[in-house]
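Chemist: I'll drop the sequence and a predicted model, then ask my questions.
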Amino acid sequence: MSSELKDRVCRRTRQRQVLREIFEQTPRPLTPAEARQLAARRAPRLGIATVYRTIALWVRTGWLVPVSYTHLRAH
């Protein structure tokens, strides 16, 4: 992992902390929009771009794993 990525991972902002708690406490995968909606009560200024950037960072570091539901679409 690059030092820049380590620095970004180590930054614990209030918004990231709230998002992390949302993902840890929700028993199913969340879309970015769902995560933002759930986090908005505790971090009302959290923007969708921050959610996407944070999720991308966590996927790169292995903390989150992307899930695809395309096979569950109704016919």
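Modeler: Yep, that arrived.

Chemist: Name the residues of whichever strand or helix holds residue 17 that are buried.
Modeler: Element membership of residue 17, judged by DSSP states H and E, is helix 14-25. Using 16 or more other CB atoms under 10 Å as the test for burial, helix 14-25 gives 15, 16, 18, 19, 20, 22, 23. For the C-beta atoms, the positions are set from N, CA and C on the backbone; glycine is no exception.

Chemist: any chance of the residues you listed in a markdown table, plus distance to residue 65?
Modeler: Below are the buried residues of helix 14-25 laid out as a markdown table (distance: CB to CB, whole Å):
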| residue | distance to residue 65 |
| --- | --- |
| 15 | 21 |
| 16 | 18 |
| 18 | 20 |
| 19 | 16 |
| 20 | 15 |
| 22 | 16 |
| 23 | 11 |
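
Chemist: What is the nearest of those residues to residue 52?
Modeler: residue 19 (10.9 Å; CB to CB).

Chemist: Wait, the closest one touches residue 51, no?
Modeler: Yes: counting by CB atoms under 8 Å, residue 19 touches residue 51, with 6.6 Å between them.

Chemist: Give the intersection of the neighbour lists for those two.
Modeler: By CB atoms under 8 Å, 6 or more residues apart in numbering, residue 19 and residue 51 have these common neighbours: 35, 39.
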